[in-house]
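In: 3D, please:
(2 chains)
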Protein chains: 2
Amino acid sequence: MTFIEQALAILGDAQVLTGANATRYATDWTGKYTSAPLCVLRPGNAAEVSELLRAANATGTAIVPVSGNTGLSGGAFADGAALLSLERMNRIRAIRPEARVAVVEAGVVLADLHEAARAEGLAFPLTFGARGSAMIGGVLSTNAGGSNVLRYGNTRALCLGLEVVLPDGALMDLMSELHKDNSGYDLRDLFIGAEGTLGVITAAVLKLAPLPRATATAMLALPSLGDALGLLNRLQEATGGAVEAYEYMPRAHFERLAELRPELRPPFDAAHEANIMLEIGATAPRDATPGPDGTLPIAAYLESVLAEELEAGRLLDAVIAQNEAQRAEMWARREAAAEVAFSRKPFVANDIALPLDRLETFFARMAAALPRLDPGADDLSVAHLGDGNIHYTVYPSHDDPAHLDAVMQLVETQVRDLGGSFSAEHGIGLSKKPSMARHKNPVALVVMRRIKTALDPSGIMNPGKVLPD
Amino acid sequence: MTFIEQALAILGDAQVLTGANATRYATDWTGKYTSAPLCVLRPGNAAEVSELLRAANATGTAIVPVSGNTGLSGGAFADGAALLSLERMNRIRAIRPEARVAVVEAGVVLADLHEAARAEGLAFPLTFGARGSAMIGGVLSTNAGGSNVLRYGNTRALCLGLEVVLPDGALMDLMSELHKDNSGYDLRDLFIGAEGTLGVITAAVLKLAPLPRATATAMLALPSLGDALGLLNRLQEATGGAVEAYEYMPRAHFERLAELRPELRPPFDAAHEANIMLEIGATAPRDATPGPDGTLPIAAYLESVLAEELEAGRLLDAVIAQNEAQRAEMWARREAAAEVAFSRKPFVANDIALPLDRLETFFARMAAALPRLDPGADDLSVAHLGDGNIHYTVYPSHDDPAHLDAVMQLVETQVRDLGGSFSAEHGIGLSKKPSMARHKNPVALVVMRRIKTALDPSGIMNPGKVLPD
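Out: Below is the predicted model:
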């Protein structure tokens, strides 16, 4: 039997899609990695995933897992491969408030998990712009980051247990709810962030956090990025580490945003070079109990810190959200970042990380080096500043592939020289494979290839991704 | 050339020890795993480790890495193997306060790192009783836990970068200082906790935390362990998660301690069934600024919470440390736990983890099942209660090996039935290999073996450890 015949036998006609029905699953948000898969498979449970992988392994059929298709690196590109969609496996199996865990299937949409946790007075704190489509399987497979990593860590830090179907169809049950478990090699963290190249994640146990009792959200305008880093340190110091989000946006972001999304009003009357969206979360009751004048201590506190900064001339302007609508607008301006960045073409997108104390040097070096390479080029940076993670997009003056590559290499070289990473949170997929070949430690690449071969000897899992050829 | 001849050529005579000189390196603290190694190698840097491993690989010589020799699972047992001591590689290469990282070699003693960080106003928060001898290499290789995991996470959560020499001698440089780095498989976490079976960790980048501005330490007496869990939840809730340590000790611990260490006075005049050593750390200035009467808000706050608990009858007694000496004594009582547990023989030691909401059930089940198996048996539990991690020691009435094994299996079965782990923080080594064979997911064992074979095809690294035969 061919693989498709076997897949039909396992799933039934309705869950094996081809032709036009398959197209939407292979449509890439960035527009760069839209593919023509052999078929789309929609299993309903891990046992079906297991049978499908056994059949794929026997027939040498390439399998590309896909969940929300919101990745930015081409990790779900599937020309000629069977695209395995996890979307039907979308059950939140349990939320256990006393244990502060959620047990979820890979197809659960991130925003649905947010809502289910909130209903129990808890939070799954990982969040980013695509949360309305992104699914847990993809979140785990890319070790997604986002806006709250500063306080809560990335996906890896929020996952306790995992269920994985291996390339040969074996089901590995590591669905632990434990905070400590030293029983052999850390397989969980190996599959998290492997972008589907080692197996298919089908379910997970995720950590929940107490919902902050109150939040204070503000937009800040500063003279420069350097001032923003100093202010972050003072805020963390003053609040004992309660900063949940510290998102940097430059003047250019708001200029573009005004064209693309005019309904989102600019944060300040004047335009400023360095802008921060700040959110502080209060978890202790004493910070969230209204004072005699009705003000929350956390908000009053933030106001006093900001007043001091304004006084000292380190802050140019500040607005604190007075209600949920204002807060939502502040977040919406930030979360339009990918839309803003990719609205102009050609672009060279980078998702880089740098040690915090070297961010300014990076920008200074790029400001000197980019015009030398391409005097007509422009750039745009939106950053999870507290993590040293910059979404740094360059707009070269022309889209000659060799030129685009030269721009990419310029950025990478600067990043490498400063001890940074060419890939902070979006993963490798197809787009960063050349960067992996150029900059990843060569011994680490050898080890990765040995692991890939050991776990997927037939090479059926998401072939051609992550590891350089 | 034999391996020893090659080792002499690489290190010189002074750093290759045999016979009596080698004995102290192979002396096990528990007394169960003292071994007779072929030799002891004392390399001074990673390049020498690399040469030694290349020679070992070529001659098929078994290599057992050892650092402080404070492990409790026989992970450094080295009969006939070359014992590779990291003790000379004990440089703290850098403490970078602004980046909050320490760059250390594997032979740095944990307490030395504590001191170096403190000198910069920072903390390396991982701590446990053996910190005066344990070295970073062993801490990383066992993914050590300890008393502050509740707030700061275990070793894995505190490590950003790693330098590893692979079994073939290749040096893998993953010495990142970044908080986000999604560039391929998570090799760092694979080597952390691998107990030296995949390579030798030679250096690491570790995260530092701000030193708490003030701490409040207390001993609490409660009617039962169940009451202690309820109180922990209320304390976390009230302080916004500022509990740094929450260590459970039963009446029997203090009875034994009085015999072994009479200089440590009992915490209370009366003996109580359930005792907790609590420490809260204040990181925000408002909690650490003395009030008009000179009391720190954090201490006043703790006092008021405890007064409420006493009032409600949920707490039987409480003492708050009034000075550093009283605090030190509270810690000393807890840190004598291993000494206390192993002072009576025969014993069956377990380092188990359970979901928090099932701890009481576990104790109830053991109280019913243990007397059925061995009416003369006794037990003792000291726990990192907030992590669900219990050091559960059983004292069987006789030391027939089959009986000891039956006791071990009884404990494990109860743990497994409640979704727990037979190994929380001490690792597998030799002592928990039978447990791995019985209770680890069999697919996970297959994957671990494939990884071991892929990275160490000659099987020279710490042979016979971790993976069941």
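
In: Now for chain A, the helix or strand with the poorest mean pLDDT.
Out: Least confident element among the helices and strands of chain A, by mean pLDDT, DSSP states H and E: helix A:285-288 (a mean of 80).

In: Pop out the phi and psi values for whichever residue of the stretch 101-250 of chain A sits closest to chain B.
Out: Nearest to chain B, among the residues of the stretch 101-250 of chain A, is residue A:240, at 3.1 Å (CB to the nearest CB). Backbone N, C-alpha and C define where each C-beta goes, glycine included. Per-residue torsions, residue A:240: phi 60, psi 40 (degrees, to the nearest 10).

In: how about it, what does it touch?
Out: Residue A:240 is in contact with B:282-285, B:287, counting by CB atoms under 8 Å, 6 or more residues apart in numbering or on different chains.

In: Now the buried members of these.
Out: Among the contacts of residue A:240, those classed as buried by 16 or more other CB atoms under 10 Å in any protein chain shown are B:282-284, B:287.

In: Now for these: which two are most distant?
Out: Farthest pair in these (CB to CB) is B:283 and B:287. Separation: 7.6 Å.

In: list residues touching both of these two?
Out: In contact with both residue B:283 and residue B:287: A:240, B:213, B:242, using CB under 8 Å, 6+ apart.

In: how about the closest residue to the last one other than its chain neighbours, what does it touch?
Out: Translated: residue B:242. Leaving aside its chain neighbours, residue B:242 sits nearest to residue B:280 (5.0 Å; criterion: CB to CB, 6 or more residues apart in numbering or on different chains). Contacts for residue B:280 (CB under 8 Å, 6+ apart) come out as B:215-217, B:235, B:239, B:242-244, B:298, B:302.

In: mind running it again at 10 Å?
Out: Residues in contact with residue B:280 (CB atoms under 10 Å, 6 or more residues apart in numbering or on different chains) are B:151, B:212, B:214-218, B:235-236, B:238-239, B:242-246, B:287, B:298-299, B:301-302, B:305.

In: Out of those residues, which sit inside strands?
Out: B:214-218, B:243-246 (DSSP state E).

In: Flag every buried residue along the longest helix along chain A.
Out: With secondary structure taken from DSSP state H, chain A has its longest helix at helix A:401-417. Neighbour counts over helix A:401-417 (16+ other CB under 10 Å) mark A:403-404, A:407-412, A:414-415 as buried.

In: Break chain A into its domains for me.
Out: Domain assignment of chain A by automatic domain parsing yields the ranges A:3-85, A:92-210, A:214-337, A:344-426.

In: which one of these has the lowest average pLDDT?
Out: The minimum mean pLDDT among those belongs to domain A:214-337 (a mean of 92).

In: How far off centre is that one?
Out: 22 Å (CA atoms, centre = their mean, to the nearest Å).

In: Quick one: end-to-end distance for that domain.
Out: Domain A:214-337 has an end-to-end distance of 26 Å (CA to CA, to the nearest Å).

In: Walking through the stretch 151-300 of chain A, point out its strands one by one.
Out: Taking DSSP state E, counting those that start in this stretch, the strands of the stretch 151-300 of chain A run over residues A:159-165, A:171-174, A:200-207, A:209-210, A:214-222, A:243-250, A:274-282.

In: Among those strands, single out whichever gets nearest to residue A:389.
Out: strand A:243-250 (9.9 Å).

In: That closest one near chain B anywhere?
Out: No. Residues of strand A:243-250 are not located near chain B by CB under 10 Å from any CB of the partner chain, the shortest gap being 11.9 Å.

In: Each with direction, which strands does that strand pair with?
Out: strand A:274-282 (antiparallel), strand A:378-384 (antiparallel) (DSSP bridges).

In: Out of the ones in strands among the contacts of residue B:280, flag the one nearest to residue A:118.
Out: Nearest to residue A:118 among these: residue B:243, at 24.3 Å, using CB to CB.
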